[in-house]
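Colleague: sequence? don't have it. structure:
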């Protein structure tokens, strides 16, 4: 029986081929598939759009939440450690907004974001805040507001979008990431709490 001899060159080629295949699989799994993953969305009611055009907000008063040292806003989402509260300027078109991340245990603001409108999606999961305004995303530690550091991250968030005369806001997201500390997030799917045009949507 003839033996197949593995010369250093052949071994190098096989090793490079194996590394290339592994990298390709990882790239597909963590960079391509999350972007193409299906997502949930919600139609924005015409009543919200029409009221917003007249500078009328439809935000429910029972969602009001005290912002430390800054009046009140609308509670968008919360867990045992953090609250995400939105304060919108209803006197201007598009409702420019400030989002506050509040540490509930210390009753302290640990993060703020200013946006040109109130199309906002937020989720809290495993100690992190996932916050989007249209397609601008922020990912931070919910207890101190520090940015979460990634080496590679991919998600399928699209933003506020239209189909014909109907406007939609995405209400879920799929994320895969390699964190700077070496940990991995694989196909994490989250449901957002959302608002736009002066209305709580989901």
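Modeller: Right, received. Where do you want to start? What you see is a predicted model, and the numbers here were worked out from it, not measured in a lab.
Colleague: was I right to think residue 98 contacts residue 87?
Modeller: Yes: at 4.9 Å, residue 98 counts as touching residue 87 under the criterion of Cβ atoms under 8 Å. Quick note: C-beta positions are derived from backbone N, CA and C, even for glycine.
Colleague: more crowded one of these two?
Modeller: Each of residue 98 and residue 87 has its neighbours counted (other Cβ atoms under 10 Å); residue 87 has more, 19 against 16.
Colleague: that one sits in which helix or strand?
Modeller: strand 82-88 (DSSP states H and E).
Colleague: partner strands of that strand, with direction?
Modeller: Paired with strand 82-88 in the same sheet, following DSSP bridges, are strand 72-78 (antiparallel), strand 97-103 (antiparallel).
Colleague: ok, and what's touching that strand?
Modeller: Contacts of strand 82-88 from elsewhere in the structure, counted by Cβ atoms under 8 Å, 6 or more residues apart in numbering, are 57, 59, 65, 67, 70-78, 95-104, 118, 120, 122, 124, 129, 131, 142-143, 193, 195, 198.
Colleague: out of the residues you listed, which are buried?
Modeller: By the neighbour-count criterion of 16 or more other Cβ atoms under 10 Å, those include these buried positions: 57, 59, 65, 67, 73-78, 95-103, 118, 120, 122, 124, 129, 131, 142-143, 193, 195, 198.
Colleague: low-confidence regions, this protein specifically.
Modeller: Filtered on pLDDT under 70, the chain yields the residue ranges 1-39.
Colleague: please name the nearest non-neighbouring residue to residue 102.
Modeller: For residue 102, ignoring the flanking residues on the chain, the nearest one in space by Cβ to Cβ, 6 or more residues apart in numbering is residue 83 at 4.5 Å.
Colleague: tally of neighbours for that neighbour?
Modeller: Residue 83: 21 neighbours (other Cβ under 10 Å).
Colleague: could you give the backbone dihedrals for residue 46?
Modeller: When read as degrees, to the nearest 10, the backbone of residue 46 gives phi -60, psi -30.
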